[in-house]
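Participant: No letters, just coordinates:
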């Protein structure tokens, strides 16, 4: 949620509840107006029944999966999430689904549990993009 709000408003808010939100946002990219619809799902709600997750996957055109570099468990669930997404989306068509893995909380490097190299290697092995960022900065 912090990363989404930072993207939408350029502000950082550190504390969020465990709510799911859909945001809409216009942005000009390379001279073109783009309308983003962002379905922000906290990790606690991603563990619910498969039909809800399937609905989210079918709704989306691309995916940004965010983990905390300070939380190994949030990183470890990514391969299964990505396999689930690819099976659901790419099984229907021959097009590659755009997926980006983002390691958040780069500013908390002293609490790091997942190295940048691990993130890059996972993204490379799963044919995804990779970034490491700090919503706070």
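Facilitator: Structure's in. What do you need? In this text, all values refer to a predicted model and were calculated from it rather than measured experimentally.

Participant: Any stretches of this protein with poor pLDDT?
Facilitator: 1, 14-19, 43-51, 91-94 (pLDDT under 70).

Participant: for it, longest helix please?
Facilitator: The longest helix of the chain (DSSP state H) is helix 78-90.

Participant: Please verify my assumption that residue 136 contacts residue 12.
Facilitator: Yes: between residue 136 and residue 12 there is a contact under Cβ atoms under 8 Å: 5.1 Å. In this view, the C-beta of every residue, glycine as well, is placed from N, C-alpha and C.

Participant: which residues are in contact with both of these two?
Facilitator: Residues touching both residue 136 and residue 12 (Cβ atoms under 8 Å, 6 or more residues apart in numbering) are residue 2.

Participant: host element of residue 53?
Facilitator: helix 50-59 (DSSP states H and E).

Participant: all strands of this structure, in order?
Facilitator: Per DSSP state E, the chain carries strands over the ranges 21-29, 32-40, 63-68, 99-104, 129-132.

Participant: Spit out the contact partners of residue 108.
Facilitator: Contacts here follow Cβ under 8 Å, 6+ apart; on that basis residue 108 touches 69-70, 134.

Participant: Just give me the closest of those to residue 88.
Facilitator: residue 69 (27.2 Å; Cβ to Cβ).

Participant: roughly how far is stretch 85-98 from the heart of the chain?
Facilitator: Distance of stretch 85-98 from its chain centroid, counting by Cα atoms, centre = their mean, to the nearest Å, is 17 Å.

Participant: List the buried residues in it.
Facilitator: 85-86, 88-89, 97 (16 or more other Cβ atoms under 10 Å).
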